[in-house]
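# sequence first, then the predicted structure:
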Amino acid sequence: MPSKIEQLALRDAPGGVIVPVKVVPGSSRDRVVGVLGGALKIATSAVAEKGRANEAVAGLLAGVLDVDSRTVELVAGAAAPRKEFFVAGLSGLAVTERLSRIG
C-alpha cells in the first residue's frame, strides 16, 4: 500500500466509519491499488452490471480490513465509480492502521 494512506478521507460515523472508494471494474484481478483523490482505489475483475462490482468490492474491503463481510455496506454511489462504504465496528484510525499493514 502506498504511503498515501493518511490522505484517505475517512469519516467516522455512529457505529463505524465511511470509506470513500474509487472502483475500477473489469480489471485483470481484485486488489487495492492505493489512494486517489482521498478515496481508496480498488480494482476488481467483476463487471459493473447488476451490482456485481459493488459486491466484489465490499467483499474485498471486508477481507483487507479483516472484518465479516456483513459489516460492509454500500451507502452511496451504487451506479457511480466513486462510492462510499460503511464499515461497522471500526473507527477511521482502525481502518488506517489495517490498510497500512497491506502491500
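Noted; the coordinates are in hand. Numbers count the residues shown, from 1 in each chain.
# so which residues of the protein form helices?
Ranges of helices within the chain are 52-65, 92-100, based on DSSP state H.
# who's in contact with Ser27?
By Cβ atoms under 8 Å, 6 or more residues apart in numbering, the contact list for Ser27 reads 43-45. To be clear about C-beta, it is placed using only N, CA and C from the backbone, and glycine gets the same treatment.
# for it, phi and psi?
Ser27 adopts backbone torsions of phi -80, psi 170, taken as degrees, to the nearest 10.
# please tell me how far it sits from Pro81.
12 Å (Cβ to Cβ, to the nearest Å).
# what do you get for Gly38?
14 Å.
# tell me if I'm right that Ile5 and Thr96 touch.
Yes. Look at Ile5 against Thr96 with Cβ atoms under 8 Å: they come within range, at 6.0 Å.
# between these two, tell me which one has more neighbours.
Between Ile5 and Thr96, counted using other Cβ atoms under 10 Å, the more crowded position is Ile5 (21 against 15).
# what about the more buried one, distance to Leu74?
21 Å.
# check Ser27 too.
18 Å.
# just the strands from this protein, written as ranges.
11-13, 16-24, 31-36, 39-43, 72-76, 82-88 (DSSP state E).
# neighbours around Ala39, how many?
19.
# was I right about it contacting Leu8?
Yes. Using Cβ under 8 Å, Ala39 is in contact with Leu8, at 7.3 Å.
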